[in-house]
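Student: Sequence and computational prediction follow.
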Amino acid sequence: MISFLHCADLHLGMRITRFDPATANKLREARFDALENVLKAVREQAVDFVLLAGDLFDDLTQDFLVAQRTFKILDEAATVPVFVLPGNHDPLMSGGVWDRRPWDEPGKRVRLLREAKPVEVAPGVRLFPCPVLRKTSLNDPTAWIAADRGPGEIRIGVAHGSLRVREDLPADDHLIARHAATDKQLDYLALGHWHGRRAFDDPDGVPRTAYPGVHEPMRYQGGNDVQTGWVPAGGANREEFLDSGRGEVLQVRIRAPGEPPEITPLEVGRHVWREEQRDLSSEDDLVRVIQDVANRDKRELSLLRLRLTGFLDAATMLRLTELREILQNRYFVGELDDTGLHIRPSEDEVKSLAGQGVLGRVLTRLQAEANSTDEGARRLAERALLLLHQLAREAQG
């Protein structure tokens, strides 16, 4: 049996422009903290080696301090071999980070996968690396692998690119054949590039191809973009680059050639990013939100962006200050968006604006519906009353 950790898309040294400089620096530092957690998982899970499937660095121009620190962590803190594959953010191009100290020479533990040729990582276990040579390519990086299994050999591929699971993927995004693992007689194909954890079955229904996701999150969970100022080289706002809001790697066990791999996600990230929306219609609703936000675990490591919508009376709206202070003082980053929250008008104000005409008659009908025991009818009437208030104000103003 062989056991290893599959990681990808660490993006160390990434540029973050979404937050103030101090917060951005802490978020960059958290990526190194999460890397330390990866190596802690190596020790706890007793794996045989680590695969980093591309984009260890955010780009080729990393300064010496970032490059040296990363190499030192992997080469000295790791207790097993670490195999590093260049990705599309840090391709194996002349003059880049891989050609400079300390990455230009092998380390004690670290091995940079510079060539597309088999590597024996353990007795009877061969690794088939597919290093990325440029940011974009029309070629399948796994095309070179021969479907030629040796006697009793466990075969593991490692590549960086987009698995061809749909037709609208960019043609130059290092597209990988959908069933490359099966076609190349691989027991497992470790992929990088996509930021969400995903596993794909081969034609026999066995998951042999997987993306681990990111080791440290890069966006608000629930949002539809990255939200850090960082832009993926594979295209902005593509769903493949929206991570889950948590940092993960995969532990993979292969008991024998041809046996289904056992794939287990391990959480290693430092921060948790969440984006949430709450619709409020009463003080009780707001109190529940305040209590929930105030009593969560690991608030000091959480980035929470909270959107509020709905209608509250003026007195209740004043309690938003309490919620805002909790977000600002107890969370690593806490943001409150209350632009969708409005003050509910009083009954006297609505009557005054509606008058005795058509709007007044509509008001009387809606007030009756608002007292209905039918929850759906009651909520609909409440919304209609608010709309009536808006119409009346516009008519008089």
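Tutor: Now that the structure is in, tell me what you want to look at. Numbers count the residues shown, from 1 in each chain.
Student: Which strands and helices lie in contact with the helix or strand where Glu29 lies?
Tutor: Under the criterion of DSSP states H and E, Glu29 resides in helix 21-45. Helices and strands touching helix 21-45, by 3 or more Cβ pairs under 8 Å, 6 or more residues apart in numbering; DSSP states H and E, are strand 2-7, helix 64-72, strand 248-254. All C-beta atoms are positioned from the backbone trio N, CA, C, and that covers glycine.
Student: I'd like the mean pLDDT over the first one, please.
Tutor: What that stands for is strand 2-7. If you average the pLDDT over strand 2-7, you get 97.
Student: Strand partners (parallel or antiparallel) of it?
Tutor: Strand 2-7 pairs in its sheet with strand 49-52 (parallel), strand 248-254 (antiparallel), by DSSP bridges.
Student: Most tightly packed of these?
Tutor: strand 49-52 (a mean of 26; mean count of other Cβ atoms under 10 Å).
Student: what's the model's confidence in it, averaged?
Tutor: Strand 49-52 comes out at a mean pLDDT of 97.
Student: As CSV, the strands paired with strand 2-7 with distance to Ala147 would be great.
Tutor: Shown next, in CSV, are the strands paired with strand 2-7 (distance: least, Cβ to Cβ, whole Å):
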stretch, distance to Ala147
strand 49-52, 21
strand 248-254, 18
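Student: And the residue lying closest to Val333 once chain neighbours are set aside, which helix or strand is it part of?
Tutor: Distances taken as Cβ to Cβ, 6 or more residues apart in numbering place Leu303 nearest to Val333, at 4.2 Å, with adjacent residues excluded. Per DSSP H and E, Leu303 falls inside strand 302-312.
Student: With just CA atoms, put the following helix or strand past that strand into CSV.
Tutor: Later in the chain than strand 302-312, the nearest helix or strand by DSSP H and E is helix 314-317. Coordinates of the C-alpha atoms in helix 314-317 are reproduced here as CSV (Å, rounded to 0.1, in the frame of the first residue of the first chain):
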residue,chain,number,x,y,z
ALA,A,314,-37.0,52.6,13.4
ALA,A,315,-36.2,51.5,17.0
THR,A,316,-35.1,48.1,15.9
MET,A,317,-32.9,49.6,13.2
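Student: pLDDT on helix 314-317, on average?
Tutor: 78.
Student: Could you double-check that the residue nearest to Val333 sits in contact with Phe332?
Tutor: Yes - with contact defined as Cβ atoms under 8 Å, Leu303 counts as touching Phe332 (5.8 Å).
Student: more crowded one of the two?
Tutor: When neighbours are counted by other Cβ atoms under 10 Å, Leu303 and Phe332 differ, and Leu303 comes out ahead with 23 against 19.
Student: So what pairs up with that one in the strands?
Tutor: The partner residues for Leu303, given DSSP bridges, come to Trp273, Val333.
Student: Do you know the pLDDT at it?
Tutor: Note for Leu303: predicted pLDDT of 92.
Student: Quick check: the gap between it and Phe19.
Tutor: According to Cβ to Cβ, to the nearest Å, Leu303 and Phe19 sit 9 Å apart.
Student: One more: Glu216?
Tutor: Computed as Cβ to Cβ, the Glu216 to Phe19 distance reads 15 Å.
Student: what about those two, which has more around it?
Tutor: Neighbours per residue (other Cβ under 10 Å) separate Glu216 from Phe19, with Glu216 holding more: 28 against 17.
Student: Tell me if I'm right that that one and Val38 touch.
Tutor: No - Glu216 is beyond contact range of Val38, at 9.7 Å (criterion: Cβ under 8 Å).
Student: so when I look at Pro151, I'm seeing a helix, right?
Tutor: No - according to DSSP: H, G, I helix; E, B strand; the rest coil, Pro151 belongs to no helix; its state is coil.
Student: Look at it and report its pLDDT.
Tutor: With respect to pLDDT, Pro151 scores 88.
Student: Please apply the same query to the one 5 residues further on.
Tutor: The score at Ile156 is 98. That number is its pLDDT.
Student: Secondary structure element for it, which one?
Tutor: strand 154-160.
Student: Give me the angle between that strand and strand 2-7.
Tutor: Angle between the axes of strand 154-160 and strand 2-7 is 10 degrees (criterion: axes from the mean of the first three to the mean of the last three Cα atoms, to 10 degrees).
Student: Thank you kindly, that will do.
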